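**Q** How does the following fold in three dimensions:
(chains A and B)
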Amino acid sequence: SQQGEEDPQALSIQEGENATMNCSYKTSINNLQWYRQNSGRGLVHLILIRSNEREKHSGRLRVTLDTSKKSSSLLITASRAADTASYFCATAPLARYSTLTFGKGTMLLVSP
Amino acid sequence: GAVVSQHPSWVICKSGTSVKIECRSLDFQATTMFWYRQFPKQSLMLMATSNEGSKATYEQGVEKDKFLINHASLTLSTLTVTSAHPEDSSFYICSAPGLAGNEQFFGPGTRLTVL
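**A** Got it, this is the predicted structure:
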């Protein structure tokens, strides 16, 4: 079952602006991951945050995790047209941490 | 980084035929691989976990006899869609976990269209 729910479903911004996507989940997790998917392609791993971490950075990406609210956010700063893609959060449940449950995704469109 | 390939990248077949999709880990060994299905503009649904040398573990609601999985070596898993029907048309993606077992490396996907 899909336990991750991303919000918003779609986001349209201009180059240079920041993009924030949120993800909520239902069960206890080992870690939460964010992936990116260009149209008709496979997924690319962006960043992983463990359940005992609250914030993590990687380049222009910033991820937060609030386990008390069972939510996470992905911030992309200074967006570029090349960031246009769908972004998915995926949770690794405590009981089956080797598997991933994906959310519905946010479609991000960055206009030049 | 770890690379996972899939073949074919797309396939069109007639209803009733069987289609085999290969998933290979190119520069690492994978005792476990995962098969997902993705409908247009929707999320990935885990279909099954492929285990090298043993039976695959299927998710609830996925027909084992319909989607045959074989993990014959440490670098190859195959998914065979048997007696395919138009409703099986979808994007099938495989993945393999990295050494740490946390992040997954995804193949580029296979677009299956059943006429």
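
**Q** Quick check: bridge partners of the most centrally placed residue in chain B?
**A** Computing the C-alpha centroid of chain B and ranking residues by CA atoms, centre = their mean puts residue B:35 first, at 3.7 Å. Per DSSP bridges, the residues bridged to residue B:35 are residue B:48, residue B:94.

**Q** Need the nearest residue in space to residue B:108, chain neighbours excluded.
**A** Closest residue to residue B:108 apart from its sequence neighbours, by CB to CB, 6 or more residues apart in numbering or on different chains: residue A:42 at 4.4 Å. C-betas here are computed from N, CA, C, even on glycine.

**Q** need the residues of chain A near chain B, please.
**A** By CB under 8 Å from any CB of the partner chain, the residues of chain A that approach chain B are A:2, A:4, A:31, A:33, A:35, A:40-45, A:48, A:88, A:92, A:97-105, A:107.

**Q** Tell me where chain A has strands.
**A** All strands of chain A, identified by DSSP state E, fall at A:5-7, A:10-14, A:19-24, A:29-37, A:43-50, A:55-58, A:61-66, A:71-76, A:85-93, A:101-102, A:106-111.

**Q** can you give me how far the shortest one is from the chain middle?
**A** The chain centroid and the centroid of strand A:101-102 are separated by 11 Å, computed with CA atoms, centre = their mean, to the nearest Å.

**Q** Distance check, the residue of chain B most remote from its centre against chain A.
**A** Here chain B reaches farthest from its C-alpha mean at residue B:100, the gap being 21.3 Å by CA atoms, centre = their mean. Residue B:100 sits 9 Å away from chain A, taking CB to the nearest CB, to the nearest Å as the criterion.

**Q** mind listing what that residue touches?
**A** Taking CB atoms under 8 Å, 6 or more residues apart in numbering or on different chains, we find residue B:100 in contact with no residue.

**Q** Thank you, goodbye.
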